[in-house]
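Trainee: build me a structure from this.
(2 chains)
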Amino acid sequence: MQHRVIFIPGPSDARAMRAPRGLALPLIVALLAAAILVPPVLPHGREIVLATTTSTEDSGLLDYLLPQFTAKTGITVREIAVGTGQALEIGRRGDADVVLVHAPMAEAAFVAAGDGIDRVHVMYNYFVLVGPAADPAGASGDNTTAAFQRVAACGCAFVSRGDGSGTNIKELQLWALAGLTPEPSGWYKEAGQGMGATLRIADRLGAYTLSDDGTFYVMKPQLDLAVIVENQPPLLNQYSVILVNPATHPTVRYADAAAFHDWLVSAEGQALIAAYEVSGRRPFNPNAPP
Amino acid sequence: MELLQIAGLSLYLATSSTAVASLLGIPIGTLLALREEARGKRTTLTIAKAIIFTLYGMPPVLAGLLAYLLLSKNGPLGILGWLFTPAGMILAQVFIVTPIITGVTYTAVRSVGRDVKEAARSLGARGWPLARTVIEEARLGVVTAIMVGFGRAISEVGAVLIVGGNIRGSTRVLTTAIVLETSRGNFDEAIALGGILLVIGLAIFLFLYRVQQRGHR
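Mentor: Next comes the predicted model:
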């Protein structure tokens, strides 16, 4: 039978000494762990925050570039890889020092609002329209606009990112170019997820989708999706680097961020981007103005 | 080495946020239960309970977004410079874990028999000594509160992603690494990271279970 113990702790009560310790022990251990571990996580040294898109991280480009920049300058770059919409919002709040994104119109608005300065092209690749290998819409070919019109005309399933990312913004521009404004419906579905997840959904549904070519070619072996349209001018995917404006955001680390910005578009940075390959393909082509 | 650092940060964040949340939640939950019994159902107590049990269901991403706005450069706590650092992630998790520990503690203390509390009071226990007696009696439930809080903290992904930013070598934890590997299509790596997460959870559970069972043998 469970024995109920009632006690009133007092200085001479042995149980009183033991009782609270049972509960206090995990707390004490936790606090000790915190005390030991806190110093290494406090901010240290010269560092900047880069807000960028998932594609630059998922492709491995930043893991390759950033250590080389840090080795050269001693500046650590803390990268926040999110959708372009969120990256620009982080910049707009002054929580990042520099942004590397791919949504030209949103970037122009960011600069026009006084939040960014020195917007410079860094590199490009292409978006690619992918879909089921059988191509039920008959959209395959060289004409991007016609391809989008045919997908809509046949009512063939299309999965949109639907997340305000650079890819999503581009997709909506391509529909507009084709004279269409798709609404969520039987054939047009908004995934609200990243590129990898969206490709997998499109694959499962036998649907069309717009992808950046880097992510698509990395994931291609796992998918039954085929290229429908690629390498066409309307599908150009331009990445730019923008400094957060120190005049409107006085807390930004402008000098170190500018060093990163300038290095990325310098001959050295551009050569490194050109040399980066993933399984024999070059995910990004440098195109900074000389 | 990187894996060790990621797993270590996960453990550190969950332990720290659970510790802070316990220091807040256990006293609040105990106080709430004892006040309610001593003074009957008061409107203020009911409101406090409603707030706590509503926050139980607080979506972690919402807690993350609120913590982000607090810590943003122009936010009220922007001066701390905690955004995109482990300290900021702990703050976000404390938002999530404290209501859970408070609520479970409250329930546990309420379930301690009236006879025990009456006996303690009749022997002159008031305030902290009374609370300590009751907490000891409710140990099973209070340690469960810590366990549930820790489980929530270490498995949480939405808030730490927004506030931490999933920065490699700095704020990347097991859960955000799983999200990243999944989005990269590396399902095998993602599953392996998940396995490590579960092993840590098991180790902590066994540790707390021993604490819980001590004195109940």
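
Trainee: report the central residue of chain B.
Mentor: The geometric centre of chain B, computed from its C-alpha atoms, lies nearest to B:Val97 (Cα atoms, centre = their mean), at 2.9 Å.

Trainee: pull up the gap between it and B:Val211, please.
Mentor: 18 Å (Cβ to Cβ, to the nearest Å). Heads up, the C-betas are built off the backbone N, CA and C, glycines and all.

Trainee: for the helix or strand bottoming out on mean pLDDT in chain B, name the packing helices and strands.
Mentor: Least confident helix or strand of chain B, by mean pLDDT, DSSP states H and E, is helix B:114-122 with a mean of 77. In terms of contacts (3 or more Cβ pairs under 8 Å, 6 or more residues apart in numbering or on different chains; DSSP states H and E), helix B:114-122 is packed against helix B:2-39, helix B:127-137.

Trainee: buried set for that helix?
Mentor: Buried residues in helix B:114-122, defined by neighbour count with 16 or more other Cβ atoms under 10 Å in any protein chain shown: B:Val116, B:Lys117, B:Ala119, B:Ala120.

Trainee: redo those as CSV? Include distance to A:Tyr64.
Mentor: Listed next are the buried residues of helix B:114-122 as CSV, based on distance: Cβ to Cβ, whole Å:
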residue, distance to A:Tyr64
B:Val116, 64
B:Lys117, 64
B:Ala119, 69
B:Ala120, 65
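
Trainee: does the residue of the stretch 101-250 of chain A found nearest chain B count as helix, strand or coil?
Mentor: Closest approach between the stretch 101-250 of chain A and chain B, counting by Cβ to the nearest Cβ: A:Gly196, at 4.3 Å. For A:Gly196, the assignment made with DSSP: H, G, I helix; E, B strand; the rest coil gives helix.

Trainee: that one reaches B:Asn186, doesn't it?
Mentor: No - look at A:Gly196 against B:Asn186 with Cβ atoms under 8 Å: they stay out of range, at 9.6 Å.

Trainee: those two: which is more packed in?
Mentor: Remark: of A:Gly196 and B:Asn186, A:Gly196 carries more neighbours, 23 against 16, as counted by other Cβ atoms under 10 Å in any protein chain shown.

Trainee: residues near the nearest residue to the more buried one once chain neighbours are set aside, how many?
Mentor: Spatial nearest neighbour of A:Gly196, excluding adjacent residues (Cβ to Cβ, 6 or more residues apart in numbering or on different chains): B:Ser183 at 4.3 Å. Other residues near B:Ser183 come to 21 when the count uses other Cβ under 10 Å.

Trainee: can you give the domain ranges for chain A?
Mentor: A:47-124+A:238-286, A:125-235 (automatic domain parsing).

Trainee: could you dump these to TSV with mean pLDDT?
Mentor: Shown next, in TSV, are the domains of chain A (pLDDT from 0 to 100):
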stretch	mean pLDDT
domain A:47-124+A:238-286	93
domain A:125-235	90
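
Trainee: hmm, which two among the buried residues of helix B:114-122 are most spread apart?
Mentor: Spanning the widest gap among the buried residues of helix B:114-122 are B:Lys117 and B:Ala119, at 7.3 Å by Cβ to Cβ.

Trainee: quickly note the distance from A:Ala257 to chain B.
Mentor: From A:Ala257 across to chain B, the span is 14 Å (Cβ to the nearest Cβ, to the nearest Å).

Trainee: surely that residue forms part of a helix?
Mentor: Yes - counting by three-state DSSP, A:Ala257 is part of a helix.

Trainee: residues near the nearest residue to it once chain neighbours are set aside, how many?
Mentor: Spatial nearest neighbour of A:Ala257, excluding adjacent residues (Cβ to Cβ, 6+ apart): A:Asp97 at 3.7 Å. Using other Cβ under 10 Å, A:Asp97 is surrounded by 27 other residues.

Trainee: now do the contacts for B:Ala177.
Mentor: B:Ile6, B:Asn166, B:Leu193 (Cβ atoms under 8 Å, 6 or more residues apart in numbering or on different chains).

Trainee: about what we covered before: residues contacting the residue of the stretch 101-250 of chain A closest to chain B?
Mentor: So A:Gly196 contacts A:Asp58, A:Thr215, A:Met219, B:Thr182, B:Ser183, B:Arg184, B:Gly185 (Cβ under 8 Å, 6+ apart).

Trainee: ok, and the closest non-adjacent residue to B:Met161?
Mentor: Careful, residue B:161 is Leu; it's not Met. B:Thr176 (5.2 Å).

Trainee: any idea how far A:Tyr124 is from the residue in chain B positioned nearest to chain A?
Mentor: In chain B, the residue that lies nearest chain A is B:Ala19 (3.4 Å; Cβ to the nearest Cβ). Distance, B:Ala19 to A:Tyr124, by Cβ to Cβ: 49 Å.

Trainee: element containing residue 175?
Mentor: No chain was given, so I picked chain A. Applying DSSP states H and E as the criterion places A:Trp175 in helix A:166-177.

Trainee: think we crossed wires, I meant chain B
Mentor: Going by DSSP H and E, B:Thr175 is in helix B:174-183.

Trainee: I'd say A:Arg253 and A:Asp97 touch.
Mentor: Yes - if you go by Cβ under 8 Å, A:Arg253 and A:Asp97 touch, sitting 5.0 Å apart.

Trainee: now B:Ala190: how far from A:Thr54?
Mentor: B:Ala190 is 15 Å from A:Thr54, by Cβ to Cβ.

Trainee: what's the neighbour count on A:Val122?
Mentor: A:Val122: 22 neighbours (other Cβ under 10 Å).

Trainee: in its sheet, what does the host helix or strand of it sit against?
Mentor: Using DSSP H and E, A:Val122 falls within strand A:116-132. When pairing is defined by DSSP bridges, strand A:116-132 lines up against strand A:209-212 (antiparallel), strand A:225-229 (antiparallel), strand A:236-244 (antiparallel), strand A:285-286 (antiparallel).

Trainee: can you put the ones you listed in a markdown table and add mean neighbour count?
Mentor: As requested, those are exported to a markdown table (neighbours: other Cβ atoms under 10 Å in any protein chain shown):
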| stretch | mean neighbour count |
| --- | --- |
| strand A:209-212 | 27 |
| strand A:225-229 | 21 |
| strand A:236-244 | 23 |
| strand A:285-286 | 17 |
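
Trainee: which one, of the ones you listed, ends up nearest to A:Arg92?
Mentor: Ranking the strands paired with strand A:116-132 by proximity to A:Arg92 (Cβ to Cβ) places strand A:236-244 first, at 8.4 Å.

Trainee: ok now do the residue nearest to B:Leu161, which residues does it touch?
Mentor: B:Val157, B:Val160, B:Leu161, B:Gly164, B:Asn166.

Trainee: could you check the pLDDT of it?
Mentor: B:Thr176 is assigned a predicted lDDT (pLDDT) of 92.

Trainee: picking that back up, give me the phi and psi for the residue nearest to A:Ala257.
Mentor: For A:Asp97, the backbone dihedrals (degrees, to the nearest 10) come out as phi -100, psi -20.

Trainee: so which elements touch the host helix or strand of B:Gln93?
Mentor: Using DSSP H and E, B:Gln93 sits in helix B:86-110. Judged by 3+ Cβ pairs under 8 Å, 6+ apart, helix B:86-110 is in contact with helix B:2-39, helix B:43-56, helix B:60-71, helix B:139-155, helix B:158-164.

Trainee: which residues are contacting the last one?
Mentor: The contact list for helix B:158-164, computed with Cβ under 8 Å, 6+ apart, reads B:13, B:59-61, B:63-65, B:67-68, B:71, B:83-86, B:88-89, B:91-93, B:95-96, B:166, B:171-173, B:175-176, B:179.
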